[in-house]
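Undergrad: Build me a model:
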Amino acid sequence: MPSFLKITPDKLVRIIGTPNLPTIIDVRNDEDFGSDPRLIPGAIRRDFRNVTEWGPEISGPAIVLCQRGQKLGHGVAAYLRTMGKDAETLEGGFEAWRDAQGILVPEDKLPPRDMQGRTVWVTRARPKIDRIACPWLIRRFVDPSAVFLFVPAPEVALVGDRFNATPFDIEDVFWSHRGELCTFDVMIEEFDLKIEALLRLATIVRGADTARPDLAPEVPGLLAVSLGLSRMFDDDLEQLEAGLTIYDAFYRWCRDATDETHNWPNPRKG
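TA: Next comes the predicted model:
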C-alpha cells in the first residue's frame, strides 16, 4: 500500500485532464528519457540536479516521477517539501504508468517553448468552437502553462514567425483541419490522446465545428453554448477562460456521466 508520500497510477488517471491537476514533474535522467521520450499529459521536465534552483518556482501541489519511482523521484519530492511544497511521487514511476497503459504524449510533437518553458500558439481572433476546444485540450493534456495569441486572420502567419508561436486552425498549417477532421481531431491524433472520453468529445466538437448535427445528439448544445459565449465576450482571452469551464464539463460528462439521466417531477405513485 502506498504511503501518503505517493500517488498510484490509477489515482493519477482520475485527475489527468481536470483543472486541479497538480504540477507533474518528470525528473528522469537523459538516458531514461531518451529510451522513451514521451510525457505524462501535462508533465514538465526538470533536471533533478538543479532542484534547488527551479524548486521555488513550483506553485501548488506537485507529483514527481522518475523512471521507477525510486531515488530520483523521492529525493526531488523531499527537497520540494523542505521548501514548503506539497510534493509526492508517482508510485512505480514512469514505467508503472507506461505498463498500466496510461496515455503518453510524444515529446517531439510539442512545439518549441519560450524562455519561461511555455509553448506558444497563435490563431485567428474571435474564436467559436475549434479555437476554444484546442486550447482546452492543450491546457489540460499537453501544456498547462501554454500561451494563446489571438490576432487578425491575415496576421497569424507573420505573428507566428516573429514570435516563434505555432499557428493552429488556419489554412495550410500542420495543426489544422484534415479532410473531414477538425483541428481538435488532429491534435488528439498527433498527441496520441486517443482515449474513449476524448474521442467521444471529438465527435461532438467536429459536429459543431463543421455543421454536422447528425454526428451526435449533443452537437446542437455545444454549438449553442459556443455561439452564446462568443457574443458575451469582447475579449478573446476572457472568452477562452469561460470556455475552458464549458469543455471541462463536457469532458467530465463524456468520461463519467453518459449513462446518467435526470427526470423531474417524479412519476406519481399509483
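
Undergrad: For R200, pull up the helix or strand it's in.
TA: helix 196-209 (DSSP states H and E).

Undergrad: Let me fix that, I meant to ask about T18.
TA: Counting by DSSP H and E, T18 is part of no helix or strand.

Undergrad: And T123, by the same measure?
TA: Applying DSSP H and E, one finds T123 within strand 120-124.

Undergrad: what mean pLDDT would you report for stretch 188-197?
TA: Averaging pLDDT along stretch 188-197 yields 98.

Undergrad: what's the answer for stretch 138-158, then?
TA: Here the average pLDDT along stretch 138-158 is 97.

Undergrad: buried ones in that stretch?
TA: 138-144, 146-151, 156-157 (16 or more other Cβ atoms under 10 Å). (Glycine included, C-beta is placed from N, CA and C.)

Undergrad: now, among the residues you listed, which is nearest to P19?
TA: R140 (7.4 Å; Cβ to Cβ).

Undergrad: mind listing the helices in the stretch 51-200 of the chain by residue range?
TA: Ranges of helices in the stretch 51-200 of the chain, per DSSP state H, counting those that start in this stretch, are 51-54, 71-82, 93-99, 130-141, 156-162, 183-190, 196-209.

Undergrad: what's the angle from the longest helix seen in the chain to helix 130-141?
TA: When the chain is parsed with DSSP state H, its longest helix is helix 236-252. Here helix 236-252 runs at an angle of 70 degrees relative to helix 130-141 (axes from the mean of the first three to the mean of the last three Cα atoms, to 10 degrees).

Undergrad: quick one, helix 236-252 and helix 183-190 angle?
TA: Going by the same axes, to 10 degrees, helix 236-252 makes 60 degrees with helix 183-190.

Undergrad: and helix 236-252, what does it pack onto?
TA: Judged by 3 or more Cβ pairs under 8 Å, 6 or more residues apart in numbering; DSSP states H and E, the packing partners of helix 236-252 are helix 130-141, strand 147-151, helix 196-209, helix 219-232.

Undergrad: These: which one's closest to W121?
TA: Across the helices and strands packed on helix 236-252, W121 has its closest neighbour in strand 147-151 (5.2 Å, Cβ to Cβ).

Undergrad: just to revisit the earlier point, pull out the buried residues from the longest helix of the chain.
TA: Neighbour-count burial for helix 236-252 flags 236, 239-240, 243-244, 246-247, 250-251 (criterion: 16+ other Cβ under 10 Å).

Undergrad: same check, this time on stretch 31-45
TA: Neighbour count says stretch 31-45 has 32-33, 38-44 buried, by 16+ other Cβ under 10 Å.

Undergrad: Kindly reformat those as TSV and extend each row with secondary structure.
TA: Shown next, in TSV, are the buried residues of stretch 31-45 (DSSP: H, G, I helix; E, B strand; the rest coil):
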residue	secondary structure
D32	helix
F33	helix
R38	strand
L39	strand
I40	coil
P41	coil
G42	coil
A43	coil
I44	strand
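
Undergrad: Next, format the residues you listed as CSV and append distance to D10 and pLDDT.
TA: Formatted as CSV, those follow (distance: Cβ to Cβ, whole Å; pLDDT from 0 to 100):
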residue, distance to D10, pLDDT
D32, 23, 97
F33, 24, 97
R38, 19, 98
L39, 19, 98
I40, 14, 98
P41, 15, 97
G42, 17, 95
A43, 17, 97
I44, 22, 96
